[in-house]
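# the following block contains a protein sequence and its predicted model.
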Amino acid sequence: MGGFGMNPPISNIYDALAPYYREYARKKTVYLNAVDRFILDNMPGDAESLLDVGAGDGVRGMALANQKGIKYVVLSDLSAEMAARCRELNPADVWHAAAEKLPEVERRFDIIICLWNVLGHIENRAGRVEALTGMRRLLSDKGNIFFDVNNRHNTSAYGWWKVFGRICIDTIQPDEKRGDATFDWKIGNESIPAMGHLFTPAEIEGIIKDSGLLIKTKIAVDYHNGLLSTQLLKGQLLYQLVKSEK
Ligand SMILES: C[S@@+](CC[C@H](N)C(=O)[O-])C[C@H]1O[C@@H](n2cnc3c(N)ncnc32)[C@H](O)[C@@H]1O
């Protein structure tokens with residue numbers, strides 16, 4: 001099963017965070033801008049449509065689309081408060097939906113983004129595979145998916161010794177639940193119990209494979225200074241995926 005114990009549902013947490021979300025994101029600009037730069041540099045120039053899964057308030061997805069002149073944008077989020085904020089931006093559509101249960105629609109998207117550890121908010125491995133499988137279903141044949149997740153084997157965040165220890169234990173006795181982290185989130189004057197899953201590179205790449213997707217590019221992004229590295233132990237994990245090699 002996996003899961004995060006007795007915490008409130010993640011949608012409640014993001015409903016509460018919604019009024020403070022912009023301010024919160026602004027504090028992480030260095031990391032978020034580095035991820036966005038990579039996406040803009042690697043996005044095909046002829047993309048016409050973009051779906052943002054776990055869009056938050058939608059500001060980021062709309063900005064990425066605008067910078068590439070993409071007119072058809074759909075924003076999707078589990079939190080009702082976040083979806084309401086997305087609607088204010090007037091995209092082509094807003095889906096109030098879980099990433100694991102993306103709607104059955106005719107439209108296929110050239111770009112699908114799922115940014116800032118949205119997959120790490122999904123309860124367990126089966127749900128994460130469902131989410132990526134759903135994105136694959138909605139992807140056009142020439143389409144690209146971009147997503148980033150937190151890295152349990154991130155030496156910039158945890159130091160070499162701790163990561164070395166984690167790699168040893170994860171190799172000898174693999175257990176994905178070890179990546180489930182609970183913490184208190186300071187939101188306004190409140191402290192709300194929250195949770196997120198940290199992935200190992202091997203774990204997320206197993207999920208990608210089981211979802212029928214192929215890795216086009218993978219890179220680590222340092223959470224503090226935004227530096228990119230091909231050594232996956234050096235930051236959070238950012239992937240560009242396609243449906244097939246052609
Ligand atoms: C850290 S925020 C990232 C928002 C946006 N992608 C960005 O980069 O600004 C995570 C978002 O994922 C949404 N979320 C969490 N679990 C989800 C799920 N199972 N399906 C869809 N959205 C989810 C939350 O409501 C929240 O808006």
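Cool, got the structure.
# residue 20 against residue 189, yeah?
No: Residue 20 is beyond contact range of residue 189, at 10.5 Å (criterion: Cβ atoms under 8 Å). Where you see a C-beta, it was placed from the backbone N, CA and C, and this is true even at glycine.
# more neighbours, these two?
Neighbour count, other Cβ atoms under 10 Å: between residue 20 and residue 189, residue 20 has more, with 14 against 5.
# pLDDT wise, what is that one at?
With respect to pLDDT, residue 20 scores 90.
# mind listing what it touches?
By Cβ atoms under 8 Å, 6 or more residues apart in numbering, the residues touching residue 20 are 187-188.
# which bits of this structure sit near the ligand?
By the rule Cβ under 6 Å from any ligand atom, the part of the chain lying against the ligand is 10, 14, 25, 54-56, 60, 77-79, 82, 98-100, 115-116, 118, 121-122.
# bridged to residue 237, which residues?
With DSSP bridges as the criterion, residue 237 is bridged to residue 149, residue 220.
# please work out how many residues are found near whichever residue of the chain sits closest to the ligand.
Nearest residue of the chain to the ligand (Cβ to the nearest ligand atom) works out as residue 56 at 2.7 Å. Counted by other Cβ under 10 Å, the residues lying close to residue 56 total 25.
# excluding residues flanking it in the chain, which one is nearest residue 31?
Closest residue to residue 31 apart from its sequence neighbours, by Cβ to Cβ, 6 or more residues apart in numbering: residue 223 at 5.0 Å.
# three-state assignment of that neighbour?
Of the three states, residue 223 takes coil according to DSSP: H, G, I helix; E, B strand; the rest coil.
# hang on, the earlier thing: got a list of what the residue of the chain closest to the ligand touches?
Contacts of residue 56 by Cβ under 8 Å, 6+ apart are 14, 21, 25, 77, 82, 85, 116.
# of those residues, which is the most crowded?
residue 77 (29 neighbours).
# contacts only, for that one.
14, 54-56, 58, 83, 86, 95-97.
# mind redoing it with 10 Å?
11, 14, 18, 52-58, 61, 83-86, 94-99, 118 (Cβ atoms under 10 Å, 6 or more residues apart in numbering).
# do residue 30 as well
221-227.
# do you have the helices of the protein handy? List them.
For the chain, the helices defined by DSSP state H occupy 10-17, 21-26, 29-42, 59-67, 80-87, 125-138, 155-158, 160-172, 201-210.
# what does the pLDDT read for the residue of the chain positioned farthest from its centre?
The C-alpha centroid of the chain is most remote from residue 172, which lies 28.0 Å away (Cα atoms, centre = their mean). Here, the pLDDT recorded for residue 172 equals 92.
# what do you get for residue 124?
Looking at residue 124, its pLDDT reads 94.
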